[in-house]
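Asker: This is the structure alone, sequence omitted:
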């Protein structure tokens, strides 16, 4: 936009010139020029420009790990601000309770089972996101968005699966979890040559190039800062065009690392220090939007991929008041703390208690930026009525399927009721988790048919199946429908609606 350079020194002009009629006429003409042609230093966003989208995705963050959801041992002032100026979602769920699968769901708008990715892909995996899937970045590219990811990818580490091949203009981060290295607790007792047979060194990638093949612990301390600095630079350099920014932090996944500027500052141990830095990162991103006058044209989502890894004890978060954590399909495993922020659009200081999910982000963004969905099936729904608190808005999910462990359909739920199918699960049985970054051992238990009223019993403590046989029958039928569509390893059902993950073999055949 043009700027009138003579306005830059207007205050000096005013103080040095006498108020002669000719001077007043000159000043009047300057003001008229400003009003007529918009020749100012202010940035004006065109009314037809679609909104920017920022997704901040934390790893293994517990339901009660931020101030707006009850964190008490450390402060999260920037997230508190997000909630005060935005909208909390108290019943917001991931597709499942593990890393790769939940990320596949977020970026495609589909259950992870739909796109063929379960569990957590490691350095020995030869699969990744299929190039036939459409990611959020590719969706935004339909509207000429700038796109970037700074953080953990975890949808395949081979070149064909990396972000730059799936709609992102820039990428900096780890290809998978930060514990997938030769210092993993499971191999810490072995000599290094034996460790490397299980876990190779952890690489850091810039675009498509490995820029550090052996990330150290000292270097992990800088990851949150590096991701944040790159996110801020991206906002600054793309303020004049619509953008999609995805910041999937490596923290608070174990092993926990924090930069020196936050070490020891929380008085709540290493976990508290890491959360201070995560909150700082959120503040830096919000401030960059403010400095570039993009606040009222940017949707920001803060959420997590799944619940806390409870076996790590003092290095894990809290899912209170929910049951269990990561690795289970109890509410503590996949219900995540979530805040949406968009000043002037999303009503400030409000709360939504309706069921919504990460799989809803894809179709919601499609509507917000006025672009079309892919031809293949999408499981998510447009939740703009919930975001904007429209009168009478309700969850669009009649049923939500709770899959875990390589295709086990473990539960199904709707807005109120949740039915568990018989399955095994891991638990600490009330015991504390580990200390010093070492995990405690889980016990294995089983659950039979169990019905919970999540509106009155969010902790899933009171099985009311015998009291509501009609609801059990209805949800059991939904279980069967889910199995027919997406399969179930426990019953041997393959599922007719599953699309394959990408593999090195099928990519080479293209």
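Answerer: Yep, that arrived. Computed from a predicted structure; not experimentally measured.
Asker: which residues in the stretch 251-400 of the chain form strands?
Answerer: 298-304, 338-341, 350-352, 356-357, 400-404 (DSSP state E, counting those that start in this stretch).
Asker: Just send the ones you listed back as CSV, with mean neighbour count, mean pLDDT and distance to residue 194 too.
Answerer: Just so you know, the C-beta spots here come from the backbone N, C-alpha and C atoms, and that holds for glycine as well. Output for the strands of the stretch 251-400 of the chain, formatted as CSV (neighbours: other CB atoms under 10 Å; pLDDT from 0 to 100; distance: least, CB to CB, whole Å):
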stretch, mean neighbour count, mean pLDDT, distance to residue 194
strand 298-304, 25, 98, 34
strand 338-341, 26, 98, 42
strand 350-352, 16, 98, 50
strand 356-357, 28, 98, 41
strand 400-404, 26, 97, 31
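Asker: right, and the ones you listed - which one's nearest residue 269?
Answerer: strand 298-304 (19.5 Å; CB to CB).
Asker: Can you check which helix is longest in this protein?
Answerer: helix 269-291 (DSSP state H).
Asker: on that earlier part again, mind putting the strands of the stretch 251-400 of the chain into JSON lines with distance to residue 159?
Answerer: Below are these laid out as JSON lines (distance: least, CB to CB, whole Å):
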{"stretch": "strand 298-304", "distance to residue 159": "28"}
{"stretch": "strand 338-341", "distance to residue 159": "33"}
{"stretch": "strand 350-352", "distance to residue 159": "40"}
{"stretch": "strand 356-357", "distance to residue 159": "31"}
{"stretch": "strand 400-404", "distance to residue 159": "29"}
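Asker: Compare those strands and give me the one nearest residue 380.
Answerer: In terms of CB to CB, the element of those nearest to residue 380 is strand 356-357, at 6.6 Å.
Asker: Can you give the strand pairings for the closest one, parallel or anti for each?
Answerer: strand 92-93 (parallel) (DSSP bridges).
Asker: Give me the distance from the strand it pairs with to the chain's centre.
Answerer: 11 Å (CA atoms, centre = their mean, to the nearest Å).
Asker: Check which element follows it along the chain.
Answerer: Later in the chain than strand 92-93, the nearest helix or strand by DSSP states H and E is helix 99-108.
Asker: From the contact counts, what lies against that following helix?
Answerer: strand 52-58, helix 136-141, helix 361-368 (3 or more CB pairs under 8 Å, 6 or more residues apart in numbering; DSSP states H and E).
Asker: downstream neighbour of that helix in the secondary structure list?
Answerer: strand 127-128.
Asker: what about the stretch 1-150 of the chain, any weak spots by pLDDT?
Answerer: Low-confidence segments of the stretch 1-150 of the chain (pLDDT under 70): 1-44.
Asker: Let's see that with 80 instead.
Answerer: Along the stretch 1-150 of the chain, the parts satisfying pLDDT under 80 run over 1-47.
Asker: and the longest helix of the chain with strand 52-58, angle?
Answerer: With axes from the mean of the first three to the mean of the last three CA atoms, to 10 degrees as the basis, helix 269-291 and strand 52-58 are set at 180 degrees to each other.
Asker: Which parts of helix 269-291 count as buried, going by neighbours?
Answerer: Neighbour counts over helix 269-291 (16 or more other CB atoms under 10 Å) mark 270-286, 288-289 as buried.
Asker: relative orientation of that helix and strand 298-304 in degrees?
Answerer: Using the same axes, to 10 degrees: helix 269-291 against strand 298-304 is 170 degrees.
Asker: Output the contacting helices and strands for helix 269-291.
Answerer: Packed next to helix 269-291, using 3+ CB pairs under 8 Å, 6+ apart, are strand 52-58, helix 77-85, helix 223-237, strand 243-248, strand 298-304.
Asker: Enumerate the positions of the longest one that are buried.
Answerer: Buried residues in helix 223-237, counting neighbours by 16+ other CB under 10 Å, are found at 223, 224, 225, 226, 227, 228, 230, 231, 232, 234, 235.
Asker: Now do that helix, average pLDDT.
Answerer: Helix 223-237 carries an average pLDDT of 98.
Asker: and the angle for it with strand 243-248?
Answerer: Going by the same axes, to 10 degrees, helix 223-237 makes 180 degrees with strand 243-248.
Asker: Can you tell me the centre-most residue of this structure?
Answerer: residue 57 (2.7 Å; CA atoms, centre = their mean).
Asker: Can you spell out which residues form a bridge with that residue?
Answerer: Applying DSSP bridges, one finds that residue 57 bridges with residue 248, residue 303.
Asker: I'd guessed it sits against residue 151; true?
Answerer: Yes. If you go by CB atoms under 8 Å, residue 57 and residue 151 touch, sitting 7.4 Å apart.
Asker: how close does residue 352 sit to residue 337?
Answerer: The gap separating residue 352 from residue 337 is 13 Å, by CB to CB, to the nearest Å.
Asker: do the same with residue 318
Answerer: Taking CB to CB, one finds residue 318 at 10 Å from residue 337.
Asker: can you list residues touching both of these two?
Answerer: Shared contacts of residue 318 and residue 337, defined by CB atoms under 8 Å, 6 or more residues apart in numbering, comprise 62, 63, 64, 65.
Asker: what about the third one, is that helix, strand or coil?
Answerer: Right, the one you point to is residue 64. coil (DSSP: H, G, I helix; E, B strand; the rest coil).
Asker: just to revisit the earlier point, most packed of the helices and strands packed on helix 99-108?
Answerer: strand 52-58 (a mean of 25; mean count of other CB atoms under 10 Å).
Asker: just to revisit the earlier point, pick the one among the shared contacts of residue 318 and residue 337 closest to residue 376.
Answerer: Nearest to residue 376 among the shared contacts of residue 318 and residue 337: residue 63, at 32.0 Å, using CB to CB.
Asker: picking that back up, columns distance to residue 330 on top of the helices and strands packed on helix 99-108, output as a markdown table?
Answerer: Putting the helices and strands packed on helix 99-108 into a markdown table (distance: least, CB to CB, whole Å) gives the following:
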| stretch | distance to residue 330 |
| --- | --- |
| strand 52-58 | 20 |
| helix 136-141 | 28 |
| helix 361-368 | 23 |
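Asker: and residue 258, which of these is closest to it?
Answerer: strand 52-58 (14.0 Å).
Asker: Are there helices or strands packed against the closest one, and which ones?
Answerer: Against strand 52-58 (3+ CB pairs under 8 Å, 6+ apart) you get helix 99-108, helix 136-141, strand 243-248, helix 269-291, strand 298-304, helix 361-368.
Asker: same thing but 6 Å
Answerer: strand 243-248, strand 298-304 (3 or more CB pairs under 6 Å, 6 or more residues apart in numbering; DSSP states H and E).
Asker: Show residues contacting the last one.
Answerer: Strand 298-304 has contacts (CB atoms under 6 Å, 6 or more residues apart in numbering) with 51-56, 58, 61, 289, 336, 338-342.
Asker: and what of stretch 479-492?
Answerer: So stretch 479-492 is contacted by 113, 401, 406, 407, 408, 409, 412, 421, 493, 494, 495, 497 (CB under 6 Å, 6+ apart).
Asker: so how far is it off the chain centroid?
Answerer: 27 Å.
Asker: what sits against residue 409?
Answerer: 403, 482, 483, 488 are the contacts of residue 409 under CB under 6 Å, 6+ apart.
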